[in-house]
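> This is a predicted model, with the sequence first.
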Amino acid sequence: MSTLGRAELETPLEEATVDAYGEDEQRTGLFTMLEEHLEVPFTTAVLGVEVTVRGVDLSPDGRIVALCSHGRARQPIDILDLPLPAPAPRGAQWIEAYRYWAG
């Protein structure tokens with residue numbers, strides 16, 4: 001659940017998608033903002049296991065994923081499913097904006 005209001009979410013969405021035509025270009029614009037502004041690494045818990053988020057990427061099927069690790073294990077997690085820690089890392093508003101955009 002987002003802690004940001006509608007206006008606080010729509011402003012970054014407009015910035016990320018200003019020149020984008022269609023859903024794919026909008027997603028790419030949001031990915032670019034995440035890549036540039038999300039402060040990594042940070043830790044969070046996924047299914048009760050502490051993981052380190054080392055970055056973000058676009059999956060082959062076009063989803064934005066968080067690149068997570070736990071020890072030697074590596075796993076991309078859909079950013080829509082990624083729990084954010086408290087306090088959230090700098091740039092996490094872009095995750096919330098993406099979630100709002102994805103509906």
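Received, thanks.
> what's the closest non-adjacent residue to residue 99?
Of all residues not flanking residue 99 in the chain, residue 80 sits nearest, at 6.0 Å (C-beta to C-beta, 6 or more residues apart in numbering). The C-beta positions use only the backbone N, C-alpha and C, and glycine is treated the same way.
> Model confidence at the closest residue to residue 37 other than its chain neighbours, what's the number?
Distances taken as C-beta to C-beta, 6+ apart place residue 91 nearest to residue 37, at 3.8 Å, with adjacent residues excluded. What the model reports as pLDDT for residue 91 is 94.
> In contact with residue 91: list those residues for me.
For residue 91, the contact set (C-beta atoms under 8 Å, 6 or more residues apart in numbering) comprises 34, 37-39.
> Likewise for residue 70?
Applying C-beta under 8 Å, 6+ apart, the residues near residue 70 are 49-52.
> This structure: strands as residue ranges?
42-46, 49-58, 64-70, 73-78 (DSSP state E).
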